[in-house]
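In: Structure, please.
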Amino acid sequence: MAKKRIVIAVGHKDLGTNLPEQKAAVAKTAKVIADFIQDGWQVAIVHSNAPQVGMIHTAMNEFGKQHDGYSKAPMSVCSAMSQGYIGYDMQNGIRAELIKRGIYKPVSTVLTQVTVDPYDEAFYTPLKTIGRVMTEAEAQEEEQKGNHVVQVDGGYRRIVASPHPVAIVEIDAIKALLDADQIVVACGGGGIPVMEQGYNLHGASAIIEKDLASGLLAKEVDADVLMILTSVDNVTLNYGTPEEKPILRMNIQEARDYMEQGQFEFASMLPKVSASVDFIENGKGRCAIITSLDKAKASLKGEAGTTIA
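Out: Below is the predicted model:
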């Protein structure tokens with residue numbers, strides 16, 4: 001009998017923002033992931049990288065400004081760096097938790113590139129903020145380089161595009177690892193955004209939405225379940241109002257209706273629901289679950305969280 005397969009998207013709340021926080025958070029997250037593995041699931045993990053990639057971008061740029069001969073790091077390179085060091089912590093955390101339980105399975109991180117369309121409308125309207133708060137002079141310097149900035153409390157921040165993921169370059173390697181019943185960390189931070197130019201892949205100055213990349217990965221590996229972990233236990237209607245109401249279960253049409261009504265925030269819940277709908281529509285017998293880390297196991301049993309099917 002074939003094992004069931006799940007893709008788990010881990011949000012930044014369950015990863016921390018700095019190195020000590022990340023190590024502690026990963027240890028907690030690893031216990032939940034190990035529970036699924038112990039129950040016989042094949043698991044692929046996608047993680048957020050928003051605080052980490054911003055920290056790397058800032059550090060590399062500040063170093064470049066203060067030391068002659070060193071250039072600033074492109075966003076795609078910063079994304080690759082974040083995949084490496086977050087994947088390193090996740091690999092070790094999951095491996096340690098499995099060994100404690102007498103389970104010996106390899107855990108691998110696949111440095112993952114994801115292609116984007118150079119004509120994606122997101123490149124004309126960048127919205128993702130990154131890096132530290134800048135002065136007006138620094139913001140003007142960024143604009144002179146062709147970068148986009150936006151005014152925020154205390155100054156300015158750089159903004160980059162968030163294009164839709166098109167294809168996962170290393171998908172065959174990821175499938176091979178899952179088929180071998182190994183645990184895979186892939187598409188970290190939504191993947192390294194790249195564009196195809198002839199025989200080459202060139203990094204794009206962008207950040208791919210992690211939830212959309214998770215849905216694409218789940219679709220490509222033919223997962224049974226896409227589980228998106230976030231900071232709340234359920235998807236809710238009328239969020240932040242006295243009429244707020246948690247959703248325990250909804251079908252694809254209901255999800256589409258709620259999206260059209262503007263029920264979900266653009267930068268938070270909307271991509272999670274959108275990724276879930278796309279995943280379910282492109283296969284049979286699939287479901288998506290949106291919930292918190294603490295409710296993950298109960299949600300898989302239908303006892304908590306929001307299930308879309």
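
In: and the longest helix seen in the chain, what does it pack onto?
Out: Longest helix in the chain by number of residues, with DSSP state H as the criterion: helix 75-100. Helix 75-100 is packed against helix 19-38, strand 42-47, helix 50-66, strand 107-109, strand 183-185, strand 192-197, strand 200-203, with contacts defined by 3 or more Cβ pairs under 8 Å, 6 or more residues apart in numbering; DSSP states H and E. For every residue, glycine as well, the C-beta is placed using N, CA and C.

In: pLDDT on the next helix-or-strand element following the last one, on average?
Out: Once strand 200-203 ends, the next helix or strand along the chain (criterion: DSSP states H and E) is helix 210-220. Throughout helix 210-220, pLDDT has a mean value of 97.

In: for stretch 87-97, same thing?
Out: Stretch 87-97 comes out with an average pLDDT of 95.

In: Next, the buried residues of that stretch.
Out: Buried positions in stretch 87-97, judged by neighbour count with 16 or more other Cβ atoms under 10 Å: 87, 89, 90, 91, 93, 94, 95, 97.

In: then it to PDB, C-alphas only?
Out: This file holds the C-alpha atoms of stretch 87-97, laid out as PDB (Å, rounded to 0.1, in the frame of the first residue of the first chain):
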ATOM      1  CA  GLY A  87      17.500  24.100   5.900                       C
ATOM      2  CA  TYR A  88      20.600  23.200   8.000                       C
ATOM      3  CA  ASP A  89      18.700  23.900  11.300                       C
ATOM      4  CA  MET A  90      15.600  22.100  10.100                       C
ATOM      5  CA  GLN A  91      17.500  19.000   8.900                       C
ATOM      6  CA  ASN A  92      19.300  18.700  12.200                       C
ATOM      7  CA  GLY A  93      16.200  19.400  14.300                       C
ATOM      8  CA  ILE A  94      14.100  16.800  12.400                       C
ATOM      9  CA  ARG A  95      16.900  14.200  12.300                       C
ATOM     10  CA  ALA A  96      17.500  14.600  16.100                       C
ATOM     11  CA  GLU A  97      13.800  14.200  16.900                       C
END
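
In: Determine which of the helices and strands packed on helix 75-100 approaches residue 301 most closely.
Out: helix 19-38 (11.8 Å; Cβ to Cβ).

In: buried set for stretch 68-76?
Out: Buried, per 16+ other Cβ under 10 Å, within stretch 68-76: 73, 75, 76.

In: Equivalent analysis for stretch 54-61, please.
Out: Quick answer for stretch 54-61 (16+ other Cβ under 10 Å): 54, 55, 56, 57, 58, 60, 61.

In: Ends of stretch 29-45, what's the gap?
Out: With Cα to Cα, to the nearest Å as the measure, the ends of stretch 29-45 fall 11 Å from one another.

In: Just the mean pLDDT for it, thanks.
Out: 97.

In: Then stretch 253-273?
Out: On average, stretch 253-273 scores 92.

In: What of stretch 229-240?
Out: Stretch 229-240 comes out with an average pLDDT of 92.

In: Stretch 167-178 now?
Out: Here the average pLDDT along stretch 167-178 is 98.

In: Next, count neighbours for residue 294.
Out: By other Cβ atoms under 10 Å, the residues close to residue 294 number 14.

In: give me every residue that touches the spatially closest residue to it that is not a sequence neighbour.
Out: Nearest residue to residue 294, sequence neighbours excluded (Cβ to Cβ, 6 or more residues apart in numbering): residue 233, at 7.6 Å. With contacts defined as Cβ atoms under 8 Å, 6 or more residues apart in numbering, residue 233 is in contact with 246, 291, 292, 294, 295, 304, 305.

In: Same question for residue 238.
Out: Counting by Cβ under 8 Å, 6+ apart, residue 238 touches 244, 245, 263.

In: Now the closest residue to the second one other than its chain neighbours: phi and psi?
Out: It refers to residue 245. Leaving aside its chain neighbours, residue 245 sits nearest to residue 237 (4.8 Å; criterion: Cβ to Cβ, 6+ apart). Main-chain torsions, residue 237, degrees, to the nearest 10: phi -90, psi 150.
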